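Peer 1: sequence below, structure please.
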Amino acid sequence: MTDTAARVRELNLYRQYFDLVTAGTKTIEVRVKYPHLADLAAGDTIRFRIKGTDETCEVRVIRVAEYADFEALLDGEGPANVNPTATRDEQLANIRAIYPPEKEALGALAIEIALF
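Peer 2: Next up is the predicted model:
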């Protein structure tokens, strides 16, 4: 027997990105390809939490795409889907401020999300 129930992942998110997700304008979440996210798949649920608060938002994972680095991810997914309020160069700088080069070297995940 296989377990087909969707999994729920809890991930922290900065306020500015949380607000874009809850508004429905951020449809691609960017993450480093950490081992604990390796099996993230379409149909899973992500519960985003603003760190240090009880404020959460749940989204459904539509698809997960892997990229070699953040530049390839932004080019492949379109910067407006990641953050419609910032240019590609601003987004690249912001993402790299969160994730140093040794983390980016693990690979990048583009997680397409949709509000429930």
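Peer 1: got a list of what residue 93 touches?
Peer 2: With CB atoms under 8 Å, 6 or more residues apart in numbering as the criterion, no residue contacts residue 93. C-beta coordinates here come from the backbone N, C-alpha and C atoms, glycine included.
Peer 1: tell me the SS of it?
Peer 2: Classification of residue 93 using DSSP: H, G, I helix; E, B strand; the rest coil returns helix.
Peer 1: number the residues from 81 up from this point.
Peer 2: In the new numbering, first residue 81, that becomes residue 173.
Peer 1: what's the spacing between it and residue 166?
Peer 2: 9 Å (CB to CB, to the nearest Å).
Peer 1: for the closest residue to residue 179 other than its chain neighbours, report the pLDDT, please.
Peer 2: Excluding its sequence neighbours, the residue lying closest to residue 179 (CB to CB, 6 or more residues apart in numbering) is residue 112, at 5.4 Å. At residue 112, the model reports a pLDDT of 98.
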